[in-house]
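**Q** turn this into a model:
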Amino acid sequence: MRIRSGRIEVALHTLRDAPGPTLLCLHALRGRGADFAELASEWPGRVLALDFAGHGDSDRPRGASYTPELLAGDADAALAHLGTACLAGVGVGAYVAMLLAGARPASVPAAVLLPGAGLEGSRTLPHTLVPGDVLRKEVSERIEAARHRDASGFDPMVRLLDTDPRPPDYARAHADRANRLLLAEDGELRPIWWEAVRESAAALRAPADPRAALAVLAGSEGLEA
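**A** Numbers count the residues shown, from 1 in each chain. Model prediction:
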């Protein structure tokens, strides 16, 4: 189905239709909702997956500057359509899941955050504090990328999501408002926003394996404080 998100429409796919709790899946950078097809059977209920703006079957905003907040708006539109749902986010989708879980705690009982493309972002400083020559180089690269439409299903301008600032205090403020955030840990280094979220009372450790992490999200044994 297609749902309205601001000035565009985004695609929301049903991957599994079964009685039980609803799961909304949020893909990694340069991914699409269909990436969750094999995991859908692991969830004891309905599973839907969103194509973020500029990805998959969703529209590409004209002149858009891609940010996690733009994607969070897409996910919020999907959540408004669903009512209540747990979240599973990968990469940049994990960051968006964290933002949405904090912004809509009444609608998001829990979210699992999994590593993947676009997880890290870049600076913690706003662009106004970045040297001008660095910004000019980035803008030039992005304009060049925008001239070429990629056949793989995403807008080349989504590369902006590789360099967006993610201040740890901003992430922590959202995490503290969430009900439960399950962080998939595998011993690898995580970005500073993840480290800040890890210190929140809402954060709990989950297995790194996506199937096992979903089982924990569904209420299975094995959750570590």
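**Q** only C-alpha atoms for contact and neighbour calcs from this point on.
**A** Noted.
**Q** let me see the ranges of the helices in the chain.
**A** When secondary structure is read from DSSP state H, the chain shows helices at 68-82, 92-103, 132-146, 168-177, 192-198, 210-217.
**Q** count of neighbours near Ala49?
**A** 28 (other C-alpha atoms under 10 Å).
**Q** repeat that for the one 5 residues further on.
**A** Other residues within reach of Gly54, judged by other C-alpha under 10 Å, total 23.
**Q** least trustworthy helix or strand in this protein by mean pLDDT?
**A** Evaluated with mean pLDDT, DSSP states H and E, the helix-and-strand set of the chain has its lowest mean pLDDT in helix 132-146, which scores a mean of 58.
**Q** who's in contact with the nearest residue to Trp193 once chain neighbours are set aside?
**A** The shortest distance from Trp193 to any non-neighbouring residue, by C-alpha to C-alpha, 6 or more residues apart in numbering, is to Pro168 (4.3 Å). Under the criterion of C-alpha atoms under 8 Å, 6 or more residues apart in numbering, the neighbours of Pro168 are 124, 192-197.
**Q** in TSV: those, plus pLDDT and neighbour count.
**A** Putting the contacts of Pro168 into TSV (pLDDT from 0 to 100; neighbours: other C-alpha atoms under 10 Å) gives the following:
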residue	pLDDT	neighbour count
Thr124	48	16
Ile192	95	18
Trp193	97	21
Trp194	97	22
Glu195	96	14
Ala196	97	18
Val197	98	24
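**Q** which of those residues sits closest to Thr22?
**A** Comparing the contacts of Pro168 against Thr22 with C-alpha to C-alpha picks out Val197 as the nearest, at 24.1 Å.
**Q** contacting residues for the residue lying closest to that closest one once chain neighbours are set aside?
**A** With C-alpha to C-alpha, 6+ apart as the measure, Arg172 is the residue that lies nearest to Val197, at 5.1 Å, once sequence neighbours are left out. Neighbouring residues of Arg172 by C-alpha under 8 Å, 6+ apart: 193, 196-197, 200.
**Q** same thing with Pro105?
**A** Neighbouring residues of Pro105 by C-alpha under 8 Å, 6+ apart: 177-179.
**Q** need the helices of the chain in JSON lines with distance to Asp35, can you?
**A** What follows is the helices of the chain, written out as JSON lines (distance: least, C-alpha to C-alpha, whole Å):
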{"stretch": "helix 68-82", "distance to Asp35": "16"}
{"stretch": "helix 92-103", "distance to Asp35": "12"}
{"stretch": "helix 132-146", "distance to Asp35": "24"}
{"stretch": "helix 168-177", "distance to Asp35": "26"}
{"stretch": "helix 192-198", "distance to Asp35": "23"}
{"stretch": "helix 210-217", "distance to Asp35": "12"}
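**Q** return the distance of the longest strand seen in the chain from the chain's centre.
**A** Secondary structure assigned by DSSP state E gives strand 8-16 as the longest strand of the chain. When distances are taken as C-alpha atoms, centre = their mean, to the nearest Å, strand 8-16 is centred 15 Å away from the chain's centroid.
**Q** buried residues in it?
**A** 9-16 (16 or more other C-alpha atoms under 10 Å).
**Q** output the contacting helices and strands for it.
**A** Helices and strands in packing contact with strand 8-16 are listed as strand 2-5, strand 47-50; criterion 3 or more C-alpha pairs under 8 Å, 6 or more residues apart in numbering; DSSP states H and E.
**Q** buried residues in the first one?
**A** Translated: strand 2-5. Buried residues in strand 2-5, defined by neighbour count with 16+ other C-alpha under 10 Å: 2, 5.
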